[in-house]
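Undergrad: What shape does this take:
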Amino acid sequence: MRRIKLIDNISGLQLFQLMKPVIFLIISIVFTKSHLTRSEIGQWEMFMFIAGLITFFWVTGIIQSLLPLYHRNRTYRKLGDNGSTKSPEIFNAFLLLCFFSLLVFALGQGVKNHFSVFHFSGNVPYLNLLLLYVLLNSPVQLIEYIYLLNNRAYRIFQYGLYTFTAQLLFIIIPLVLEQDLIWSIYGLLAITFVRWIWLIVLLRRYTEMRISVEFMKEHLYLATPLILTTLISGSAQYIDGVIVSVVYRDPDQFALFRYGAKEFPLVLMLANGLSNAMLPEFSTRERMKESLAKIRVKSERLMHILFPSAILMMIFARWIYPRMFNPEFHKSTDVFLIYSLLIIPRLVFPQTIIVGRKKTHITLFAAIIEIGINIPLSLFMIKWGYNLPGVALSTFIVYLVSKAFLIGYLWYKMKIRPSEYIPLRLYAFYSALIAIVFVLIDHRIIDIR
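TA: Residues are numbered from 1 along each chain as shown. A predicted model of the protein is given here:
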């Protein structure tokens, strides 16, 4: 069908990953326009923050390590060796996700009466519902990758369109009806249950339900460095939230920071979508030159779209924020402007090549460098009077250092020059341009309110 040809695996996954921040941005806007107080909005943000904090690293590690193992692993040399056209790899990855979900759920139940945030007395708001959400939500994040590995690009888009639209309605309708926040959380759980039904249907259709301890060992051997890498590296923004909650001890300040600590959705999701979709491309040495050229072309296209879009968003951010949310959130703009600069390290992809070649220990080392810089630098920024924007600035610096290290590794150890996968002149031009615009905005030379 023609519609399938219009969307390939890369664009399908990019569109899917773009839907999530767009939907949550709409939800954030509705929240600020609703009857909820800023403290209640802070509770919602903390609910989503903790759900991500305790799951993002192992979910990402298990899924990303599945992609280069699919069709290319020691346990199952060739898909179909046993006469089946279905994948045992996906089913065993699903079991791993379920195991970790149950483990986190059990640990959460064990410590839930001894855990609090903001140094308040009492527990995290809606902690029982939070643990249930973690239990249900983590395995369903495999769905889009089942479609990806089976070259069902349009289905990725279709699944995202249906479920994210339903999620938006399930969360905001209770607020429109002026119900308590807990009903929005019930709505979030309801759509997660729907995704579980969808997942079971896909598992029956595309997977061979055969447990393989050998494959799980092989999978975890590759996944463990990625899990640790994602925990350390990907936690930079989560660490920001932890630092803000500990230092300021105020849900209002946490809400202000979280509303600002949002990368331009197009950048984060399209970059991650390209990176994840390209991982299987680098799993064989024979296709390296072709894959390097492909990621260079794809990243160049992204730069032409994303850098101008991010610059435009930065210019109008101080005008948009008070109107999109409400005047109380104008302080979030400074944090958002700094987070917009993350486009500079986001749009180069040395990590994709390294993980695709299964050298996950290198990304782990880069992550250790990140964590070693991020925490002390964030605390110093606060001490020096930079406050919330200082925390964001430290994250930007950390991401630059990490990408520089990975680029250096590819160049000196794997003999892959940056020009082979980065359009250097275009990248340097756009990076300088967005930096100049940021300085002009920061010094109020450009000041649209």
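Undergrad: C-alpha from now on. contacts and neighbour counts both.
TA: Fine.
Undergrad: Surely residue 264 is in contact with residue 312?
TA: No. Residue 264 lies out of contact with residue 312 (C-alpha atoms under 8 Å); the separation is 10.8 Å.
Undergrad: more neighbours, those two?
TA: Using other C-alpha atoms under 10 Å as the criterion, residue 264 and residue 312 rank with residue 264 on top: 22 against 13.
Undergrad: residues touching the more buried one, list them.
TA: 310, 339, 340 (C-alpha atoms under 8 Å, 6 or more residues apart in numbering).
Undergrad: Report all helices and strands that the lengthiest helix in the chain contacts.
TA: Longest helix of the chain, by residue count under DSSP state H: helix 288-324. Packed against helix 288-324, as judged by 3 or more C-alpha pairs under 8 Å, 6 or more residues apart in numbering; DSSP states H and E, are the following elements: helix 265-278, helix 332-340, helix 424-442.
Undergrad: Now that helix: buried residues?
TA: By 16 or more other C-alpha atoms under 10 Å, the buried positions in helix 288-324 come out as 288, 291-292, 294-296, 298-300, 302-303, 306-307, 310-311, 313-315, 317-322, 324.
Undergrad: how big is the angle separating it from helix 424-442?
TA: 20 degrees (axes from the mean of the first three to the mean of the last three C-alpha atoms, to 10 degrees).
Undergrad: got the residue ranges for the helices in the stretch 1-150 of the chain?
TA: 2-5, 9-33, 38-53, 56-69, 88-111, 127-140, 143-149 (DSSP state H, counting those that start in this stretch).
Undergrad: Over to the stretch 151-300 of the chain?
TA: According to DSSP H, counting those that start in this stretch, the stretch 151-300 of the chain carries its helices in the segments 153-176, 181-206, 213-233, 236-248, 251-260, 265-278, 288-324.
Undergrad: Please enumerate residues in contact with the first one?
TA: Counting contacts by C-alpha under 8 Å, 6+ apart, the residues outside helix 153-176 that touch it are 3-4, 7-13, 15-16, 19-20, 23-24, 26-27, 30-31, 34-35, 144, 147-148, 180-181, 183-188, 190-191, 195.
Undergrad: chain center to that helix: distance?
TA: Averaging C-alpha positions (C-alpha atoms, centre = their mean, to the nearest Å) puts helix 153-176 18 Å from its chain's average.
Undergrad: what's the answer for the third one, then?
TA: When distances are taken as C-alpha atoms, centre = their mean, helix 213-233 is centred 18 Å away from the chain's centroid.
Undergrad: send the alpha carbons of the helix or strand hosting residue 370 over as PDB?
TA: Assigned by DSSP states H and E, residue 370 belongs to helix 360-383. Output in PDB follows, covering the C-alpha atoms of helix 360-383 (Å, rounded to 0.1, in the frame of the first residue of the first chain):
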ATOM      1  CA  THR A 360      28.700  -0.600  25.200                       C
ATOM      2  CA  HIS A 361      31.500  -0.400  27.700                       C
ATOM      3  CA  ILE A 362      32.700   2.800  26.000                       C
ATOM      4  CA  THR A 363      29.300   4.600  26.500                       C
ATOM      5  CA  LEU A 364      29.500   3.500  30.100                       C
ATOM      6  CA  PHE A 365      32.800   5.200  30.600                       C
ATOM      7  CA  ALA A 366      31.500   8.300  29.000                       C
ATOM      8  CA  ALA A 367      28.500   8.200  31.400                       C
ATOM      9  CA  ILE A 368      30.900   8.000  34.400                       C
ATOM     10  CA  ILE A 369      32.600  11.100  33.100                       C
ATOM     11  CA  GLU A 370      29.200  12.800  32.900                       C
ATOM     12  CA  ILE A 371      28.100  12.000  36.400                       C
ATOM     13  CA  GLY A 372      31.500  13.000  37.800                       C
ATOM     14  CA  ILE A 373      31.000  16.500  36.300                       C
ATOM     15  CA  ASN A 374      27.200  17.000  36.600                       C
ATOM     16  CA  ILE A 375      26.500  16.900  40.300                       C
ATOM     17  CA  PRO A 376      29.400  19.100  41.600                       C
ATOM     18  CA  LEU A 377      28.900  21.500  38.800                       C
ATOM     19  CA  SER A 378      25.200  21.800  39.400                       C
ATOM     20  CA  LEU A 379      25.800  22.500  43.100                       C
ATOM     21  CA  PHE A 380      28.500  25.000  42.400                       C
ATOM     22  CA  MET A 381      26.100  26.800  39.900                       C
ATOM     23  CA  ILE A 382      23.500  27.100  42.600                       C
ATOM     24  CA  LYS A 383      26.100  28.300  45.200                       C
END
